[in-house]
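Chemist: Any chance you can model this:
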Amino acid sequence: MPLSAPDLTKLQLLDAALPNVAFDGWSPATFTAAVAATDISIDRARHLFPRGATDMAVLFHTEGDRAMVQQLGRENLSELRFRDRVARAIRIRLDVIDDKEAVRRGTALFALPHLAADGAKLIWGTADAIWNALGDTSDDVNWYTKRATLSAVWASVVLYWLGDQSEDYADTDAFIDRRIDEVMQIEKIKAQVNGNRFLKPLTGPLGQLLGMVKAPTRMQDVKVPGMWRTGDDQ
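Modeler: Numbers count the residues shown, from 1 in each chain. This is a model prediction of the structure:
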């Protein structure tokens, strides 16, 4: 599902802010400079970005997700193994970043305790965008485990990429492959455990419990991403 484009005025302010982020971070000074560089009133700017540069940092991230989804839609991934499709999506997400310092500053910003929840939500959003773009149709607990696992991979990849000075980010490419290989090993172990008849007395009840978990629907409150199946739902 394509991510909707934001207000053009918001993009104009974001573009005006980016040259200052390397020096002042996602700070009030950056927000003020962005407003001064445009003909947009301060009241309008504060209406669009109630938290100032913090909301600009959020928009910078989600615009990266949107660019990634658009690029994925132009590629033919049909001949790739699924693990390679995920790896390709992660690489594209990095490739669409045109301001590495803005990401570095954003990583520091969302590491602050009072913004940690925002940072986690953005990471989850990237993982969700990747799975949706790759056609994920899971509607049970797998919807959550896929995104949780990919969120952890994406977070570690970004941190590695920020410090990578290898040519064409070759070290980051190798790091991505290693992380995905590790995930595939975990999935292999899970399949072996679930298929072990001696463990069925233990895994069976847990599997039934997890089977009651549903993926969120578009009509649900985003603050409550899942729900339990009731008798009427089954």
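
Chemist: Quick check: residue 135 vs residue 89, distance?
Modeler: 11 Å (C-beta to C-beta, to the nearest Å). In this view, the C-beta of every residue, glycine as well, is placed from N, C-alpha and C.

Chemist: Which one of those two is surrounded by more residues?
Modeler: A direct count of neighbours by other C-beta atoms under 10 Å for residue 135 and residue 89 places residue 89 higher, at 24 against 9.

Chemist: quick one, what contacts the more buried one?
Modeler: Shown in contact with residue 89 (C-beta atoms under 8 Å, 6 or more residues apart in numbering): 68, 72, 130, 133-134.

Chemist: For the residue nearest the centre of the chain, grab phi and psi.
Modeler: Centroid-nearest residue in the chain: residue 126, 1.6 Å away (criterion: C-alpha atoms, centre = their mean). In terms of degrees, to the nearest 10, the main-chain angles of residue 126 are phi -70, psi -50.

Chemist: returning to what we had before: just curious, which of the contacts of residue 89 is nearest to residue 161?
Modeler: Distance to residue 161 across the contacts of residue 89 (C-beta to C-beta) is lowest for residue 68, with 14.2 Å.

Chemist: can you tell me how far that closest one sits from residue 118?
Modeler: Taking C-beta to C-beta, one finds residue 68 at 19 Å from residue 118.

Chemist: quick one: which of those two has more around it?
Modeler: Each of residue 68 and residue 118 has its neighbours counted (other C-beta under 10 Å); residue 68 has more, 24 against 18.

Chemist: How about the secondary structure of residue 76?
Modeler: Secondary structure state of residue 76, per DSSP: H, G, I helix; E, B strand; the rest coil, is coil.

Chemist: any idea how far it is from residue 85?
Modeler: From residue 76 to residue 85 the distance is 11 Å (C-beta to C-beta).
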